[in-house]
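Novice: Pasted the sequence and its predicted model underneath.
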Amino acid sequence: MTTLDLSASPAPPHALLRRIVLKAEPYLYCFPALFLIAAIMLVPLIVGLSYAFRDLVLLDPASGDYIGLTHFGEIWADANFWNALQNTAIWTIVCVALQFGLGLTLALLLNQPFRGRGLIQALVFLPWAVPSFLSGLNWAWMFNPVIGPLPYVFQALGLMQTPDNILSSPDHAIWGPIIAMVWWGIPFFAITLLAALQSIPKDIYEAAAIDGAGAVERFRSITLPFLAPTMAITVLLRTVWIANSADLIVVMTHGGPADSTQILASYIFTQAFQRLDFGYASALAAVMLVLLLAYAMALVAVRQTLLARH
Amino acid sequence: MASIDIAAVRKSYGATPVLRGIDLTIANGEFVVLVGPSGCGKSTLLRLIAGLELIDKGEIRIGGRRVNDLPPKDRDLAMVFQSYALYPHMSVRDNMSYALRLRKTPKEKIAAALKGASAKLGLDALIERKPRALSGGQRQRVAMGRAIVRDPQAFLFDEPLSNLDARLREQMRFEIKKLHRDLGATSVYVTHDQIEAMTMADRIVAMNEGVIQQVGSPSDLYDNPANLFVAGFIGSPAMNFLQARTVAGPGGMSVTVGQAEIAKVPPATPTGPVVLGLRPERITLTAPGQGAQAAVDLVEPTGLGMIVHLDLDGQQLKTFTTERLPLKAGERVGLMVPPGSFCLFAPGTGERLAG
Ligand SMILES: Nc1ncnc2c1ncn2[C@@H]1O[C@H](COP(=O)(O)OP(=O)(O)O)[C@@H](O)[C@H]1O
Ligand SMILES: [Mg+2]
């Protein structure tokens, strides 16, 4: 038998190169993906942010100068911004709360065995498949007393004195897009929560029933803990998503009447694509980015402390 | 502690009958094992007792009280599931005390019950753990603990040992039986494993296709099976079934396989074809020339003894002996069946024939 004495063999001349290549290997694999991410996300983001510090109005050839923090000062003094921020909070909280509550209810109902459940499940998830632009138009028509039935329904229910278009009432117009958004977003919660519900083993419920737990207690001590991780992640995702989504508002009210339905996202959209003031819109977007990042980090921190306690 | 009376209980899922009229009385403090092949309706019967399923027809009484329409929580039973069904988000302590907390039992009482149960089951060191941090055997103990802290009217077990390895299963068999001896609680235990049934039961209920085949003590079922199903299901290695005939000869009635006379039968036995049931360990092997002649097909040593596969007039049969015989395949042997150590069954119905 022969043994190889590795330490004695002379180092091959290309050993150093080999080591470098080996070290670089993982980065080489990552490079295409990182390059794409940088090219289509990071660079535009940085360029976009840089606009915030420039006077950039598309139709004004004289604009384009570096103006420092001027835009942020304007934002601080902009009553429309504060109004939009407040609307964003209402819009996001109400939409998420209603979508979540109704989505959970729907998921619980669909988790019960009944005839035709498969068909109903499929139907319930349809709104998700409708483009939001289309559903915005649809809802706008339905709120319109000339062609839509809803004003008459509201009147019959005593919610309205006369069959008016809710979208033209400065006090209540925000409810139009909220209703459309809730209708459109329920399936998301219903699908994810139903999937989580169906992964709960049935015999745990049976054990609890035998142990003496009623329906409410079973929900509290079994369903909720099982759903908690899914609930946390979906609510987090949807909050950011809804706060960011201007499409229904732009389609249904254009932020009006009198800016009463303007949220930050739609305000940014208006500034950028109607006033063509990309500089100011970018500054607004930067503020929104910071707010959402703060929200996400706060949630992560809460999650960490909760996990640490367990 | 209570008795359980089951009268004419039927249950179907859709058009498929699963239980076809079950009558059974379980005495206070008795350990009854429901045994049968997979799909015969054992779990369904247990779930009807627990109230997890509704009865179609018939009546169940627990401690004399009709429970047909009572929800599970009002029946005061405890159940141990095959999957253990522990609450994954609760510690062992919370799992075990859950039912008591729901019943608003005073804290001191809960603590005392927990202490007793965890000491009995050796769970003291695990009491703060979550189920996912436990081994299969430990989870099984927690499931047992959750049942015994409640001091229920009766215990229901649905194949509680099926997910354990063979050694652990043997140990838990022993421990469950000891627990039953200590607690004296009425227990209904479901298993498909006839060894569990034989070793643990005060009484065995053998089921097949939704019908009770026989109820009796383990030795009853072993020695006096009511039909071919019970005879074949109970015992390992399983009973041999041979196509045989009862014939009247000069020396009286006897049962024969092919030309070979196996044993004498009472004179009242009708003549004709029968199924002869022979327990492998009750067959005696003799030198060739004595008794019925057979050829050795295969020898399987088991350590405890050996299983000898024989060919008797073209029919296969097994014998079991604790002697270590120097037998080889192809060798000829004689076999004898002592009087009273065989069963005869009607070939059509499979029912036991007297004699
Ligand atoms: N919820 C159910 N729906 C339809 N059929 C069922 C249901 N539960 C059990 N069955 C059927 O009933 C029969 C008996 O089941 P079970 O009592 O679980 O048998 P086992 O004796 O193996 O415990 C099986 O054929 C099974 O397929
Ligand atoms: Mg079963």
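Specialist: Yep, that arrived. Residues are numbered from 1 along each chain as shown, chains lettered A, B, ... in the order given. Ligands and ions are numbered 1, 2, ... in the order given.
Novice: For the rest of this, base every contact and every neighbour count on C-alpha atoms.
Specialist: Noted.
Novice: what does chain A put close to chain B?
Specialist: Neighbours of chain B within chain A, by Cα under 8 Å from any Cα of the partner chain: A:201, A:203-204, A:206-214, A:222, A:225.
Novice: who wins for neighbours among those residues?
Specialist: A:Asp211 (28 neighbours; other Cα atoms under 10 Å in any protein chain shown).
Novice: Is that one in contact with B:Met96, as I believe?
Specialist: No. With contacts defined as Cα atoms under 8 Å, A:Asp211 does not count as touching B:Met96, sitting 9.9 Å away.
Novice: rewinding a little: next step: the residues of chain A next to chain B restricted to helices.
Specialist: Assignment to helices by DSSP state H places the following of the residues of chain A next to chain B there: A:Asp203, A:Ile204, A:Glu206, A:Ala207, A:Ala208, A:Ala209, A:Ile210, A:Asp211, A:Pro225.
Novice: okay, among the residues you listed, which ones form the most distant pair?
Specialist: Across those, no pair lies farther apart than A:Ile210 and A:Pro225, at 19.3 Å, counting by Cα to Cα.
Novice: Regarding chain B, what is its longest helix?
Specialist: Counting residues, the longest helix found in chain B (DSSP H) is helix B:166-183.
Novice: Show me which positions of that one end up buried.
Specialist: Buried residues in helix B:166-183, counted by 16 or more other Cα atoms under 10 Å in any protein chain shown: B:Arg169, B:Met172, B:Arg173, B:Lys177, B:Leu179, B:His180.
Novice: Domain ranges for the chain, per the record?
Specialist: By default, I'm working from chain A. Structurally, chain A divides into domains by automatic domain parsing as follows: A:12-51, A:80-309.
Novice: The intended chain is chain B.
Specialist: For chain B, whose domains are defined here by automatic domain parsing, the residue ranges read B:4-233, B:240-354.
Novice: What average pLDDT does the first one get?
Specialist: Read it as domain B:4-233. In this model, domain B:4-233 carries a mean pLDDT of 94.
Novice: With the shortest one instead?
Specialist: On average, the pLDDT along domain B:240-354 is 91.
Novice: repeat for stretch A:254-268
Specialist: Per-residue pLDDT values across stretch A:254-268 average out to 86.
Novice: So what touches it?
Specialist: In this structure, residues lying in contact with stretch A:254-268 by Cα atoms under 8 Å, 6 or more residues apart in numbering or on different chains are A:80-81, A:83-88, A:91, A:167-171, A:173-174, A:243-247, A:249-250, A:253, A:281-282, A:284-285, A:288.
Novice: And the spatially most central residue of chain A, how far from A:Ile233?
Specialist: When chain A is reduced to its mean C-alpha position, the nearest residue by Cα atoms, centre = their mean turns out to be A:Trp241, at 1.1 Å. Using Cα to Cα, to the nearest Å, we find A:Trp241 at a distance of 12 Å from A:Ile233.
Novice: Quick check: what element follows the helix or strand hosting B:Leu114 along the chain?
Specialist: Using DSSP states H and E, the element containing B:Leu114 is helix B:107-121. Toward the C-terminal end, the helix or strand that comes next after helix B:107-121 (DSSP H and E) is helix B:136-148.
Novice: close to chain A, is that next one?
Specialist: No. On the criterion Cα under 8 Å from any Cα, helix B:136-148 is out of touch with chain A, staying 8.7 Å away.
Novice: how much does that helix deviate in direction from helix A:202-211?
Specialist: Direction vectors for helix B:136-148 and helix A:202-211, defined by axes from the mean of the first three to the mean of the last three Cα atoms, to 10 degrees, enclose an angle of 30 degrees.
Novice: Tell me which strands the helix or strand that helix B:136-148 is followed by pairs with, and in which orientation.
Specialist: The C-terminal neighbour of helix B:136-148 among helices and strands, as given by DSSP H and E, is strand B:154-158. Strands that pair with strand B:154-158, judged by DSSP bridges, come out as strand B:77-80 (parallel), strand B:186-191 (parallel).
Novice: ok now strand B:154-158, how far from the chain's centre?
Specialist: 14 Å (Cα atoms, centre = their mean, to the nearest Å).
Novice: now swap in stretch A:134-152 and tell me
Specialist: Relative to the mean C-alpha coordinate of its chain, stretch A:134-152 is positioned 25 Å out (Cα atoms, centre = their mean).
Novice: With stretch A:224-242 instead?
Specialist: Its chain's C-alpha centre lies 11 Å from the corresponding centre of stretch A:224-242 when counted by Cα atoms, centre = their mean.
Novice: what comes up buried for that stretch?
Specialist: Neighbour-count burial for stretch A:224-242 flags A:Pro225, A:Phe226, A:Leu227, A:Thr230, A:Met231, A:Thr234, A:Val235, A:Leu236, A:Arg238, A:Thr239, A:Val240, A:Ile242 (criterion: 16+ other Cα under 10 Å).
Novice: For the stretch 201-350 of chain B, what lies in contact range of ligand 1?
Specialist: The stretch 201-350 of chain B comes close to ligand 1 at no residue, as judged by Cα under 6 Å from any ligand atom.
Novice: in the stretch 201-350 of chain B, which spans are strands?
Specialist: Under the criterion DSSP state E, counting those that start in this stretch, the stretch 201-350 of chain B carries strands at the ranges B:203-208, B:211-216, B:240-249, B:252-257, B:260-264, B:272-278, B:284-286, B:292-301, B:306-312, B:315-321, B:332-336, B:342-345.
Novice: for the residue of chain A found nearest chain B, what are its contacts?
Specialist: Each residue of chain A has a distance to chain B, by Cα to the nearest Cα, and the smallest belongs to A:Gly212, at 4.1 Å. Taking Cα under 8 Å, 6+ apart as the definition of contact, the neighbours of A:Gly212 are B:Pro72, B:Lys73, B:Asp74, B:Ala99, B:Leu102, B:Arg103.
Novice: and the closest residue to B:Phe155 other than its chain neighbours, how far is that from chain A?
Specialist: Nearest in space to B:Phe155, with sequence neighbours left out and distances taken as Cα to Cα, 6 or more residues apart in numbering or on different chains, is B:Ser187 at 4.6 Å. Distance, B:Ser187 to chain A, using Cα to the nearest Cα, to the nearest Å: 15 Å.
Novice: Quick check: beta-bridge partners of B:Ser187?
Specialist: When bridges are called by DSSP bridges, B:Ser187 pairs up with B:Phe31, B:Phe155.
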